[in-house]
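K.L.:
next comes the sequence, and after it the predicted model I'd like to discuss.
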Amino acid sequence: MHAFEADPNIYKTLCNNVEINNLQDKIKVENKAIWINDSGVLFDVEGGYSGQIHQHGHDLVKETINIPSISLGKIIGKYDKIDFLKLDIEGAENKVLLNCHGLLERIEYIFIEWHSITNDEQYLGEILNLLKEEGFRYRHCFRGKR
């Protein structure tokens, strides 16, 4: 099993949790952002429970740092079959998922936390169409009026 966490502080907590639960032999943890390439990204650290790849900026950002990134497509391409993929990448899912065309069919189950960023173009329809093309049936859970 692989786990990727972009925020350096949350990464340390994740590593600690893996160690406390004696899962080091079962979970490989990497301090990288899931992205469309391996070139690294600017990352906005909020200092709370989340941060995000620097695309928009907002009042809660405490600092912007450069961190390593890894292509989700490259990760998926290494395997013939992936049992489960959980994707919670705080607004980067639009670019990342659309960059994985032709690869998602290798995944048995996928959980996506999708974010709608104010003033950004919406790509949920394209993502749902991509999932359908790659053989998925989807269930949804929407909150809020917008």
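P.N.:
Yes, it's here.
K.L.:
skipping its backbone neighbours, what lies nearest Glu105 in space?
P.N.:
The spatially closest residue to Glu105, leaving aside those adjacent along the chain, is Glu134, at 4.4 Å (CB to CB, 6 or more residues apart in numbering). For every residue, glycine as well, the C-beta is placed using N, CA and C.
K.L.:
and the one you found, what does it touch?
P.N.:
The contact partners of Glu134, by CB atoms under 8 Å, 6 or more residues apart in numbering, come to 101-102, 104-105.
K.L.:
would you map the strands across this protein?
P.N.:
Across the chain, reading from the start of the chain, the strands by DSSP state E fall at 2-4, 28-30, 33-35, 41-45, 51-53, 63-67, 69-71, 82-87, 107-112.
K.L.:
so what touches the last one?
P.N.:
Counting by CB under 8 Å, 6+ apart, the neighbours of strand 107-112 from elsewhere in the structure are 76, 81-88, 93, 97, 104, 127, 131, 136.
K.L.:
partner strands of that strand, parallel or antiparallel?
P.N.:
Strand partners for strand 107-112, identified by DSSP bridges, are recorded as strand 82-87 (parallel).
K.L.:
in the strand it pairs with, what counts as buried?
P.N.:
When neighbours are counted by 16 or more other CB atoms under 10 Å, the buried residues of strand 82-87 are found to be 82, 85, 87.
K.L.:
what about the chain, any weak spots by pLDDT?
P.N.:
Regions of the chain meeting the criterion pLDDT under 70 cover residues 47-50, 52-61, 140-146.
K.L.:
apply 50 and report the result again.
P.N.:
145-146 (pLDDT under 50).
K.L.:
just so I have it, where are all the helices in it?
P.N.:
Residue ranges of the helices in the chain, as given by DSSP state H, are 8-20, 72-77, 93-98, 124-133.
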